[in-house]
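K.L.:
Build me a model from this:
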Amino acid sequence: MTIAFCAVFCPVAWAGYDLHITRAKAWVDSKTTPIPVEDWIQYVKSDSEFRLVQPQDPKDKSKDAIWVDPKSKQECYFYYSDGEISVKNPSDSVIAKMKKVALKLKAKVVGDDDEDYK
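P.N.:
A predicted model of the protein is given here:
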């Protein structure tokens, strides 16, 4: 099941370029200025284009989400970890959605090299 899951959602999980939604000056410092997981989950539940992903271990809390682009119906995985939300190799429509999410969470979108996506 894990292999099938990765084949659908992260075909090249070890390569690519991530964008991050963060409140920190540098995304690698997101632990020090985190987006609380509760804020992220509340946002996901308020946006009908998102759905929470149930973790494999039922003892774990849902914190990752899938966004469905309303135009293309493409799915995109948003990962929550250490106070930030990231997406691997996002398309232009995903970047636009990330900017909207960041605005609601009082955060910003940056790339792996900390360049701003305004």
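
K.L.:
give the contact list for residue 95.
P.N.:
Applying CB atoms under 8 Å, 6 or more residues apart in numbering to residue 95 gives the contacts 19, 109, 117. Every residue, glycine included, has its C-beta placed from N, CA and C.

K.L.:
Mind putting those residues into a markdown table with secondary structure, neighbour count and distance to residue 70?
P.N.:
Formatted as a markdown table, the contacts of residue 95 follow (DSSP: H, G, I helix; E, B strand; the rest coil; neighbours: other CB atoms under 10 Å; distance: CB to CB, whole Å):
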| residue | secondary structure | neighbour count | distance to residue 70 |
| --- | --- | --- | --- |
| 19 | strand | 23 | 20 |
| 109 | strand | 25 | 19 |
| 117 | coil | 16 | 21 |
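
K.L.:
Pick the one among those closest to residue 28.
P.N.:
The closest of the contacts of residue 95 to residue 28 turns out to be residue 19 (CB to CB; 13.7 Å).

K.L.:
right, and that closest one touches residue 91 too?
P.N.:
No - if you go by CB atoms under 8 Å, residue 19 and residue 91 don't touch, sitting 10.7 Å apart.
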